[in-house]
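Novice: Dropping the sequence and predicted coords here.
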Amino acid sequence: MKAGIENVLQGTVTAATSQQGGFSDGLAVRLELSDGRRAFAKAVDTVAATAVGAFHRREGAVAAALPPGVSVPRLLGTYDDGEWVALVFEDIDGTLPAQPWRESELERVLDALTGLAERLTPAPRLPVVLPAPRLGGWERLTNHPRALAKLAEIAPRAARELDMHLSLEARLGEATAGDTLTHGDLYPFNVLLTDDRVVVVDWPHAWIGPAHADVVMLLGSVALSGINPEPYAARHPLLTGVDPEAVDVLISAQAGFLLAAACSMDSTGDPRLEGMMTGLGLASLRWLSARGENRRGENRRG
């Protein structure tokens, strides 16, 4: 595999520094070359991690098709020998947004998402079939008693309001209609901040939908920071004129995907991933609940 990556780079790798913090199997390394160049590579043994291998192949196809001017790492090339798959990108000298969110960084990222959506509408032609959005999961929970019991422990209100979430999930098809290429996994760990750019990384879960979908997903992480996402949603240009109930559908579906996945994990699952999904799912539910209370308050005043 090293030789394959060096062939992509047309140079000799002299140092490889592992990057920690990801949730997928495989390697993620920053590379230094003998001629002073730098690069970033992610690679996986597809025999040991079939699903991640499929993600890598799809991400490579998406990255290669993104139009110029989109603020993403430039794909330098791919290596695929049928067992190992590696993607080689330009190295981005950036940092993850601080968590909890800082207002200045949050504003930068939200502003950047407007430009990102504009450049990716209409969606570029892609050589691969994109998956369904990673949204929804309430109906799946109803068919798994053990997972449903776990939901009642970690999110008792959601368990009591399951019928409401099922009703919202039934509208997911219309709420996800659109012609924008969306990132589909837009949380803070997939954003890098440089001095002059907001760079969105890791695109294996991209799908085509409404221009505001990534904004709604990101704002769920804002709720996790203890910040009220609603003022940011109310003034974001991509959400202007969007049916509030359509936004509710996305928020509920986001929570449903995260909590269904977390509640379905067994003892062999990654506890960090389970904790991340649970925290983000509960945060989205808090935001959804606050939106409902605000509207009820407005109706009473009206």
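Specialist: Right, received. Where do you want to start? Numbers count the residues shown, from 1 in each chain.
Novice: I'd like the average pLDDT over the helix or strand where residue 247 lies.
Specialist: Residue 247 is part of helix 244-264, with elements assigned from DSSP states H and E. Averaging pLDDT along helix 244-264 yields 97.
Novice: same check, this time on stretch 25-40
Specialist: 93.
Novice: Identify all contacting residues around it.
Specialist: 5, 9, 11-19, 22, 41-45, 48-49, 52, 56, 73, 76, 88-92 (C-beta atoms under 8 Å, 6 or more residues apart in numbering). The way it works is simple: take the backbone N, C-alpha and C, and place the C-beta from them, glycine included.
Novice: Could I get the CA-only coordinates of that stretch as PDB?
Specialist: The C-alpha coordinates for stretch 25-40 follow below in PDB (Å, rounded to 0.1, in the frame of the first residue of the first chain):
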ATOM      1  CA  ASP A  25     -11.800   1.600  11.000                       C
ATOM      2  CA  GLY A  26      -8.700   2.200   9.000                       C
ATOM      3  CA  LEU A  27      -5.700   4.500   8.800                       C
ATOM      4  CA  ALA A  28      -5.700   8.300   8.700                       C
ATOM      5  CA  VAL A  29      -2.200   9.800   8.400                       C
ATOM      6  CA  ARG A  30      -0.500  13.000   7.600                       C
ATOM      7  CA  LEU A  31       2.400  12.400   5.200                       C
ATOM      8  CA  GLU A  32       5.700  14.100   4.700                       C
ATOM      9  CA  LEU A  33       7.600  13.500   1.400                       C
ATOM     10  CA  SER A  34      11.300  13.700   0.700                       C
ATOM     11  CA  ASP A  35      10.800  16.800  -1.500                       C
ATOM     12  CA  GLY A  36       9.100  18.700   1.300                       C
ATOM     13  CA  ARG A  37       5.500  18.200   0.200                       C
ATOM     14  CA  ARG A  38       2.800  17.100   2.500                       C
ATOM     15  CA  ALA A  39      -0.400  15.100   2.000                       C
ATOM     16  CA  PHE A  40      -3.100  13.400   3.900                       C
END
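Novice: pLDDT weak spots in the stretch 151-300 of the chain?
Specialist: By pLDDT under 70, the low-scoring segments of the stretch 151-300 of the chain are 296-300.
Novice: how close does the closest residue in space to residue 259 that isn't next to it in sequence get to residue 274?
Specialist: Of all residues not flanking residue 259 in the chain, residue 281 sits nearest, at 4.0 Å (C-beta to C-beta, 6 or more residues apart in numbering). From residue 281 across to residue 274, the span is 10 Å (C-beta to C-beta, to the nearest Å).
Novice: Need the overlap of contacts for the two.
Specialist: residue 262.
Novice: So these two - more neighbours on which side?
Specialist: residue 281 (27 against 15; other C-beta atoms under 10 Å).
Novice: Tell me how far the more buried one lies from residue 230.
Specialist: Counting by C-beta to C-beta - residue 281 and residue 230 are separated by 18 Å.
Novice: now for the helix or strand where residue 273 lies, which elements pack on it?
Specialist: According to DSSP H and E, residue 273 maps onto helix 271-301. Packing partners of helix 271-301 (3 or more C-beta pairs under 8 Å, 6 or more residues apart in numbering; DSSP states H and E): helix 156-160, helix 213-224, helix 230-235, helix 244-264.
Novice: Give the other helices and strands that the last one contacts.
Specialist: With contacts taken as 3+ C-beta pairs under 8 Å, 6+ apart, helix 244-264 sits against helix 138-142, helix 145-154, helix 162-169, helix 172-175, helix 213-224, helix 271-301.
Novice: Columns distance to residue 127 on top of these, output as JSON lines?
Specialist: As requested, the helices and strands packed on helix 244-264 are exported to JSON lines (distance: least, C-beta to C-beta, whole Å):
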{"stretch": "helix 138-142", "distance to residue 127": "30"}
{"stretch": "helix 145-154", "distance to residue 127": "36"}
{"stretch": "helix 162-169", "distance to residue 127": "31"}
{"stretch": "helix 172-175", "distance to residue 127": "25"}
{"stretch": "helix 213-224", "distance to residue 127": "22"}
{"stretch": "helix 271-301", "distance to residue 127": "30"}
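Novice: Identify whichever of those helices lies nearest to residue 202.
Specialist: Of all those, helix 213-224 sits nearest to residue 202, with 12.8 Å by C-beta to C-beta.
Novice: For that closest one, list every residue counted as buried.
Specialist: 213, 214, 215, 216, 217, 218, 219, 220, 221, 222, 223, 224 (16 or more other C-beta atoms under 10 Å).
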